[in-house]
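1. fold the following, please.
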Amino acid sequence: MKTQITLLKAWGIAGVIGLMTGTSAMAQQGFKTEEAPMMRGVTKNIKNGWTVEPVVTVGETNNAGEDVNQTRFGYKLTGILDGIGAWKKGLNVRVVVNSELADSRGYAYTLANGLSLTGARMNSIELSRITKEVKSMGLAYDKIYDRAGILVSSATQINEGTSTTLGFNRFCSGYGVNAGKYGFTRDIFFAGEETDGGQLTALDVNSKELHVVPMAGRAAFENIVPIENFGTNKVAFLIGDDRGPAPLILYIGQKGSSPMGNAPKSNFLRSNGLANGQLYVWVADGGDRDLTSFNGTGAVRSGKFVKIQHYAPANAGTPGYDAQGFADQATQEALADAKNYFRFSRPEDLARNPQDGTQVVMASTGLSSWLGGVDSWGDVYIIDFQNTSLWQNLNKPLSMIDNINATIKIIYDGEDAGGGQFAGPDFGIRSPDNLEWADNGFIYINEDRSISTFGLTSKIEASLWQLDPESGAATRILEMDRNAVPFQQTDGAPTDIGNWESSGVLDVTDLFLTRPGETLLLLDVQGHSLSSPIIGGSTNLAEGGQILFASKTLAGRKPSYHGSDDLRTFSAQAAPSLNGSLTQEVAEDKTGNEPKLDVYPNPAQGFVRLNKLSNLTIFDMSGKVVLQVKNTREINTSNFKKGTYILMNDKEELVKLVIQ
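-> Here you go, the predicted model:
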């Protein structure tokens with residue numbers, strides 16, 4: 001049945017129409033993979049009841065030997081899926097997910113100007129908020145702007161070499177920001193190259209334009225995460241630099257300015273604080289330089305983010321600097337070393353506390369070859385900015401910002417198995433990688449094997465963990481199922497524990513139609529050993545994989561880590577002038593969350609009431625508009641046919657209503 005949807009411009013949900021952008025009527029009907037889930041919530045090691053639902057499988061094949069994704073949506077989804085971002089678009093959710101391909105891997109994709117590139121890419125997938133079915137699939141961008149802000153017409157503008165085909169190198173994890181949050185003006189998906197000297201990119205999600213962000217410096221970018229900007233003209237984000245060892249980096253940018261001039265399309269960078277910024281590295285107050293002195297579950301260190309001068313236009317074109325004056329990786333490292341930065345083993349993914357924008361969780365995956373194996377199994381840290389220090393600095397001119405106080409706590413050290421929670425390191429969180437701090441207060445952590453003894457003692461496959469940031473209690477909730485080999489694909493290493501890994505993880509509870517108390521996670525799987533003629537090796541899809549949902553209704557308390565410096569208390573007492581100027585997340589947390597849309601009685605037969613005054617659109621399950629009402633708390637459903645309906649308000653909240 002073809003979906004019929006009305007455009008509701010006046011209510012700010014213009015995305016309702018045109019969301020079904022598949023290449024055929026068949027694509028518009030929606031589709032879910034028919035393959036088995038590659039992760040399971042019930043195994044011999046897990047009995048916790050998490051439910052897994054796969055939606056897309058890389059290289060899924062029909063009986064005719066055709067790529068199902070290509071046949072239904074006109075797009076071949078490449079493997080090595082990684083970072084995920086998601087945005088509400090009316091009755092759909094737009095998901096952007098990276099393919100972490102090396103620059104020479106994957107079939108060549110083509111931009112709007114005809115340029116073909118191999119390598120890492122961002123995939124855009126539209127999912128129904130109601131059924132979770134795939135509605136469309138394609139490349140997330142059709143234009144790229146290079147380090148100088150110039151439209152890319154040659155691959156050399158990306159690879160900074162002579163190759164005419166090599167594109168980006170290994171887009172790893174990613175972070176999606178909503179327009180109006182933390183100082184950003186557009187829906188943006190950040191992803192960087194996870195390689196020495198890598199570049200950060202920012203995707204303007206709605207215009208499909210991808211911009212290189214040279215002001216963010218050089219790193220093996222795993223991820224970035226924005227932090228509280230206190231309503232100033234600055235933006236700030238932490239950078240996970242997946243080198244070993246490497247510093248923890250902070251970027252602060254000033255909106256509306258650019259020392260690099262007015263290059264084409266640079267207004268996107270200027271308006272989002274990405275064209276004029278500074279870098280800072282964390283330095284421990286007590287002089288600690290590495291994990292030989294700062295280790296163990298529960299250990300805490302105070303420190304400061306100290307500025308390094310990574311951009312020096314006067315040095316442009318000289319040894320150690322590029323043509324614009326940005327330090328190369330070695331020079332940037334030397335600048336950080338001169339500040340006595342603290343060396344983390346492999347600082348990777350980051351996620352912000354949804355209840356406090358000045359607190360961030362970070363996974364450091366571990367490096368067994370460094371310092372005699374003092375951090376072979378990895379660590380999970382909480383970075384807690386000192387609110388007054390951050391606030392005062394962000395209110396200064398950019399050139400004067402320095403020495404921002406932040407405390408770091410180890411909430412899980414793999415070497416001591418989380419303070420002795422488990423019989424040994426291999427039974428607890430191993431090689432922590434991509435993670436998410438969910439709205440329910442828990443932290444969700446993937447494992448990415450980085451030690452040769454991974455799984456050899458426990459015999460447990462790579463897993464997803466739930467970590468309580470208050471108590472440090474860790475619970476395994478999902479495990480790889482190596483029996484879930486897709487039709488006509490082959491697992492070349494079925495007994496190699498850790499060969500498959502879950503990479504991206506994102507809390508999407510508020511984006512989809514969910515049950516009260518339910519937590520809904522969106523994940524992806526990298527099936528490194530999966531191959532087939534359809535996969536086609538490095539010149540096609542590279543390897544197999546899957547995108548899936550995991551859900552569970554959680555009862556009991558919601559942990560909320562606030563440390564010794566609670567942003568809410570600071571906002572209300574130490575700086576009352578901040579009222580009304582904080583970002584939406586913190587403002588809602590400080591003043592009390594508005595209740596989510598609800599309707600009662602449900603099921604119903606006649607009149608129903610809403611729990612808050614709303615502008616409302618009611619759809620049947622085909623997506624057809626049944627009724628539109630404004631400024632109401634009551635609806636007469638006596639003329640509705642029996643069945644299930646979807647209610648959506650002007651904030652795009654969804655509720656299912658059953659008419660008996």
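2. from here on, just use CA atoms for contacts and neighbour counts.
-> OK.
3. just the helices in this structure please.
-> Using DSSP state H, the helices of the chain run over 25-28, 68-73, 156-159, 267-271, 329-338, 387-394, 417-420, 567-569, 584-591.
4. okay if I get the ones you listed as JSON lines plus mean pLDDT and distance to residue 236?
-> Output for these, formatted as JSON lines (pLDDT from 0 to 100; distance: least, C-alpha to C-alpha, whole Å):
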{"stretch": "helix 25-28", "mean pLDDT": "41", "distance to residue 236": "39"}
{"stretch": "helix 68-73", "mean pLDDT": "96", "distance to residue 236": "38"}
{"stretch": "helix 156-159", "mean pLDDT": "97", "distance to residue 236": "25"}
{"stretch": "helix 267-271", "mean pLDDT": "94", "distance to residue 236": "14"}
{"stretch": "helix 329-338", "mean pLDDT": "98", "distance to residue 236": "19"}
{"stretch": "helix 387-394", "mean pLDDT": "96", "distance to residue 236": "9"}
{"stretch": "helix 417-420", "mean pLDDT": "98", "distance to residue 236": "31"}
{"stretch": "helix 567-569", "mean pLDDT": "79", "distance to residue 236": "16"}
{"stretch": "helix 584-591", "mean pLDDT": "45", "distance to residue 236": "15"}
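5. out of those, nearest to residue 188?
-> For these, proximity to residue 188 was assessed by C-alpha to C-alpha; helix 267-271 is nearest, at 10.4 Å.
6. show residues contacting the closest one.
-> Outside helix 267-271, the residues within contact range by C-alpha atoms under 8 Å, 6 or more residues apart in numbering are 184-185, 211, 213, 255-258, 275-276.
7. that one: how far from the chain's middle?
-> 22 Å (C-alpha atoms, centre = their mean, to the nearest Å).
8. wait, which of the contacts of helix 267-271 is closest to residue 636?
-> residue 185 (39.3 Å).
9. and for that closest one, the neighbour number?
-> 16 (other C-alpha atoms under 10 Å).
10. that one contacts residue 204, correct?
-> No. Between residue 185 and residue 204 no contact is recorded; they are 10.1 Å apart, counting by C-alpha atoms under 8 Å.
11. quick one: residue 596 and residue 653 touch, right?
-> Yes. Using C-alpha under 8 Å, residue 596 is in contact with residue 653, at 7.3 Å.
12. who's more crowded, those two?
-> Neighbour tally, residue 596 and residue 653, criterion other C-alpha under 10 Å: the higher count belongs to residue 653, 19 against 12.
13. now the closest residue to the more buried one other than its chain neighbours: how far from residue 243?
-> Leaving aside its chain neighbours, residue 653 sits nearest to residue 597 (6.4 Å; criterion: C-alpha to C-alpha, 6 or more residues apart in numbering). As judged by C-alpha to C-alpha, to the nearest Å, residue 597 and residue 243 stand 45 Å apart.
14. counting neighbours, what do you get for residue 51?
-> For residue 51, using other C-alpha under 10 Å, the count is 17.
15. surely it is in contact with residue 552?
-> Yes. Residue 51 is within contact range of residue 552, at 6.4 Å (criterion: C-alpha under 8 Å).
16. strand partners of the longest strand belonging to the chain, parallel vs antiparallel please.
-> Using DSSP state E, we find that the single longest strand of the chain is strand 607-620. Using DSSP bridges, strand 607-620 pairs in its sheet with strand 599-600 (antiparallel), strand 625-636 (antiparallel), strand 643-649 (antiparallel).
17. ok, which of those comes nearest residue 238?
-> Among these, strand 643-649 sits nearest to residue 238 (C-alpha to C-alpha), with 34.3 Å.
18. report the mean per-residue pLDDT for that closest one.
-> Mean pLDDT, strand 643-649: 92.
19. hmm, who's touching it?
-> 597, 614-621, 653-660.
20. next one: stretch 101-120
-> With C-alpha under 8 Å, 6+ apart as the test, stretch 101-120 has contacts from 78-80, 98-100, 121, 141-143, 153-155, 165-171, 538-542.
21. buried ones among the residues you listed?
-> 78-80, 98-100, 121, 141-143, 153-155, 165-171, 538, 540-542 (16 or more other C-alpha atoms under 10 Å).
22. looking at the residues you listed, which are in strands?
-> 98-99, 121, 143, 171.
23. just give me the neighbour total for the residue lying closest to residue 524 once chain neighbours are set aside.
-> For residue 524, ignoring the flanking residues on the chain, the nearest one in space by C-alpha to C-alpha, 6+ apart is residue 547 at 4.3 Å. The number of residues packed around residue 547, counting by other C-alpha under 10 Å, is 24.
24. residue 547 and residue 629: what is the separation?
-> 37 Å.
25. and the gap between the most centrally placed residue in the chain and residue 507?
-> For the chain, the residue nearest the mean C-alpha position is residue 175 (3.7 Å; C-alpha atoms, centre = their mean). Residue 175 sits 12 Å away from residue 507, going by C-alpha to C-alpha.
26. likewise for residue 466?
-> 12 Å.
27. next one: residue 118
-> Applying C-alpha to C-alpha to residue 118 and residue 507 gives a distance of 30 Å.
28. low-scoring stretches of the stretch 1-150 of the chain, by residue?
-> Applying pLDDT under 70 to the stretch 1-150 of the chain flags the ranges 1-28.
29. how about the strands in it?
-> Counting by DSSP state E, counting those that start in this stretch, the stretch 1-150 of the chain has strands at residues 39-40, 42-43, 46-47, 51-57, 81-89, 92-99, 109-110, 116-117, 121-128, 134-139, 143-145.
30. before we move on, what about the stretch 301-450 of the chain?
-> 347-353, 356-364, 379-385, 404-413, 432-437, 443-447.
31. just give the nearest non-adjacent residue to residue 313, would you?
-> Nearest non-adjacent residue to residue 313 (C-alpha to C-alpha, 6+ apart): residue 325, at 4.2 Å.
32. quick check: phi and psi on that neighbour?
-> Here is the backbone geometry of residue 325 (degrees, to the nearest 10): phi 100, psi 10.
33. quick one: it and residue 309 touch, right?
-> No. Taking C-alpha under 8 Å as the definition, residue 325 is not a contact partner of residue 309, at 10.6 Å.
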